[in-house]
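J.: Sequence and computational prediction follow.
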Amino acid sequence: MAASSRQPGTETPRSQSATAPCPFDETRRPFPEEHLSGALDGVLTRIESSRVRQHVRECPRCRAVYEELALNRRAALTTVFPAPPDDQWDESPRGVVSRWTRNLGWLLFAFVALVVLASSVVAPEFLSRERVGLWLLRCTALATLAVLVSVGIDRWRSMRGDLYRGVRR
């Protein structure tokens, strides 16, 4: 009853201590919630950690948030996930044609890189010839096409067996 007879703005502060104010108090001064998480993770300085502990002792709302964070942290740290089989996310080419095409593409890329590197060291004028540049450009385009075709073949094969292809998000 006495609290309702006070004039607005004349309320006494909740705590005169050096702790940070609660984020839920009437003044809306922020108490960084990441400090609660930091205290749980042990990444705060000793001073910050003691301020958080003192505030959590005094503030029931922050104590509830702290306890919920602690519960979530314990659950996250103790949850065991089964390891997927080694071939679960295998991204190697699936078929003979796809594997052959992809290997050809990467070999062409390696060949072009080797020619460019070797000729720039041994004979820089070799790359300035028009026919050589055109030939290297064609090899690079063919290598890119081979790798893209290989990836396309793999995607097409995986789409045929995709049970969820008709599901809309």
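T.: Received, thanks. Numbering: from 1, shown residues only.
J.: pLDDT score assigned to Met1?
T.: For Met1, the model assigns a pLDDT of 41.
J.: Hmm, I typed the wrong one, I wanted Glu68.
T.: Confidence score, pLDDT, at Glu68: 91.
J.: Could you say which helix or strand holds Ser37?
T.: helix 33-41 (DSSP states H and E).
J.: Report the buried residues of that helix.
T.: Using 16 or more other C-beta atoms under 10 Å as the test for burial, helix 33-41 gives His35, Leu36, Ser37, Gly38, Ala39, Leu40. From N, CA and C alone the C-beta is placed, and that goes for glycine too.
J.: any chance of these in JSON lines, with pLDDT too?
T.: JSON lines is the format used below for the buried residues of helix 33-41 (pLDDT from 0 to 100):
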{"residue": "His35", "pLDDT": "83"}
{"residue": "Leu36", "pLDDT": "87"}
{"residue": "Ser37", "pLDDT": "86"}
{"residue": "Gly38", "pLDDT": "88"}
{"residue": "Ala39", "pLDDT": "89"}
{"residue": "Leu40", "pLDDT": "88"}
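J.: what's the closest of those residues to Val52?
T.: Minimum distance to Val52 across the buried residues of helix 33-41 is 4.3 Å, recorded for Ala39 (C-beta to C-beta).
J.: Need the nearest residue in space to that closest one, chain neighbours excluded.
T.: In space, not counting the residues next to it along the chain, Ala39 is nearest to Val52; the distance is 4.3 Å by C-beta to C-beta, 6 or more residues apart in numbering.
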